[in-house]
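# Pasting a predicted model and its sequence here:
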Amino acid sequence: MSPVVHATGVRMSYGETQVLNGVDFAVAPGEVSCVIGPSGSGKSTFLRCVNGLEPVLGGSLRVLGEEVGYNLREGRYRPWSPKEFAAFRRRIGMVFQRFNLFAHQSALENVACAPVHVLGLPAEQARRTAMEHLERVGLAAHAHKRPHQLSGGQQQRVAIARALAMSPELMLFDEPTSALDPELVDEVLEVMRGLAADGMTMVVVTHEIAFAREVGDRLTFFADGVVVESGPPAELVANPGHERTRAFLSSVLSQREKVD
Ligand SMILES: Nc1ncnc2c1ncn2[C@@H]1O[C@H](COP(=O)(O)OP(=O)(O)OP(=O)(O)O)[C@@H](O)[C@H]1O
């Protein structure tokens with residue numbers, strides 16, 4: 001089976017600042033691929049390249065069978081029209097650290113919004129689908145509440161339901177629990193465990209090493225815009241091959257112990 005994400009030598013810069021320096025990374029269908037690394041190492045930028053939000057300026061990046069990188073022959077990136085690009089973006093769900101819900105809409109309306117406006121579903125059908133997704137994240141009883149009436153963990157679960165409502169083939173999570181109080185983290189991870197068990201292909205940037213060990217099929221350590229090493233999570237955590245990975249893991253694990 002061909003990979004859902006296949007990056008070889010991916011490069012990206014913001015102006016003069018080189019952020020990705022040749023990233024090699026692959027995700028197989030149904031795989032949960034966790035990514036860790038220091039702040040500023042390029043993890044978010046890489047996710048943004050995967051869903052086409054940033055241009056890939058070198059190397060090759062194939063996502064869901066599409067070449068996302070710079071099209072050298074035509075001298076432009078995104079070798080497709082705006083309509084084709086929108087169709088590509090719809091196939092990928094993204095969940096951020098901040099939930100970015102519409103404050104004046106209920107949870108149900110937040111989840112139903114894109115199916116109505118992007119997919120063109122009739123409102124009633126979109127609401128039914130939205131309700132199913134809210135049930136899936138354990139929030140059916142809160143469907144009519146607005147974001148400010150929900151906890152941070154509940155808001156993040158609404159954000160996950162909103163992404164799922166577009167029936168994505170790939171889900172990208174960018175530190176989905178980093179903005180949450182510690183006691184709310186597990187309810188979000190529980191929803192993500194459920195998605196993994198259902199076979200969703202996921203790339204998860206996270207500092208939750210225990211989650212990566214339990215749910216991840218692969219753990220990748222990023223530093224300075226490259227993949228330093230990658231492997232089965234339990235092995236990588238128990239026996240990192242590089243000093244930088246070892247130092248990073250011990251700092252994250254000791255912070256986590258302080259929180260616990
Ligand atoms: N829009 C932007 N314009 C210019 N520089 C940017 C932009 N976004 C990110 N950067 C820079 O790119 C580098 C990589 O940032 P990125 O957010 O990808 O790292 P990260 O590993 O996800 O970090 P964090 O864990 O803090 O989110 C950083 O030096 C950052 O300052």
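Noted; the coordinates are in hand. Keep in mind the model is a prediction, meaning the values are calculated, not measured.
# the strands in this structure, which residues?
Using DSSP state E, the strands of the chain run over 5-14, 17-27, 32-36, 58-63, 66-67, 70-71, 76-77, 92-95, 170-174, 202-205, 218-223, 226-231.
# closest to residue 150 out of those strands?
strand 92-95 (15.5 Å; C-beta to C-beta). Where you see a C-beta, it was placed from the backbone N, CA and C, and this is true even at glycine.
# Contacts made by the closest one with the rest, please.
Strand 92-95 has contacts (C-beta atoms under 8 Å, 6 or more residues apart in numbering) with 47, 50-51, 63-64, 156, 159-160, 163-164, 166, 168-174, 176.
# ok, now stretch 4-15?
18-29, 31, 33, 42, 45-46, 49-50, 54-64, 69, 169-170, 201, 203.
# how about 6 Å then?
19-20, 22-27, 29, 45, 49-50, 54, 56-63, 170, 201 (C-beta atoms under 6 Å, 6 or more residues apart in numbering).
# from those, which are also near the ligand?
When contact is defined as C-beta under 6 Å from any ligand atom, those meet the ligand at 19, 45.
# now the contacts of stretch 4-15: which count as buried?
19-20, 23, 25-27, 45, 49-50, 54, 56-59, 61-63, 170, 201 (16 or more other C-beta atoms under 10 Å).
# Residue 176 versus the closest residue to residue 162 other than its chain neighbours, what's the distance?
Ranked by C-beta to C-beta, 6 or more residues apart in numbering and with sequence neighbours excluded, the top spatial neighbour of residue 162 is residue 111, at 4.8 Å. According to C-beta to C-beta, to the nearest Å, residue 111 stands 16 Å off from residue 176.
# neighbour-wise, which of these two wins?
Comparing residue 111 with residue 176 by other C-beta atoms under 10 Å, the one with more neighbours is residue 111, at 31 against 27.
# Give me the spatial nearest neighbour of the residue in the stretch 51-200 of the chain that the ligand sits nearest to, chain neighbours excluded.
Residue nearest to the ligand within the stretch 51-200 of the chain (C-beta to the nearest ligand atom): residue 175, separated by 6.4 Å. Using C-beta to C-beta, 6+ apart and skipping the chain neighbours, the partner closest in space to residue 175 is residue 97 (4.5 Å).
# what's near enough to touch that neighbour?
Counting by C-beta under 6 Å, 6+ apart, residue 97 makes contact with 175, 178, 179.
# For the second one, report the pLDDT, please.
What it means is residue 178. Residue 178 carries a pLDDT value of 92.
# Contact residues of the protein facing the ligand?
Residues of the chain lying near the ligand (C-beta under 6 Å from any ligand atom): 14, 17, 19, 37, 39, 40, 41, 42, 43, 44, 45.
# For the protein, which residues score under the pLDDT cut-off?
Within the chain, the segments meeting pLDDT under 70 span 69-80, 256-260.
# switch to 50 and redo it
Applying pLDDT under 50 to the chain flags the ranges 72-73.
# what are the ranges of the helices in it?
Here the chain has its helices, by DSSP state H, at 43-50, 82-90, 107-117, 123-136, 152-164, 182-197, 209-215, 233-238, 243-259.
# what number of residues lie near the residue lying closest to residue 118 once chain neighbours are set aside?
Distances taken as C-beta to C-beta, 6+ apart put residue 90 closest to residue 118, at 6.6 Å, once the chain neighbours are dropped. Counted with other C-beta under 10 Å, the neighbours of residue 90 add up to 15.
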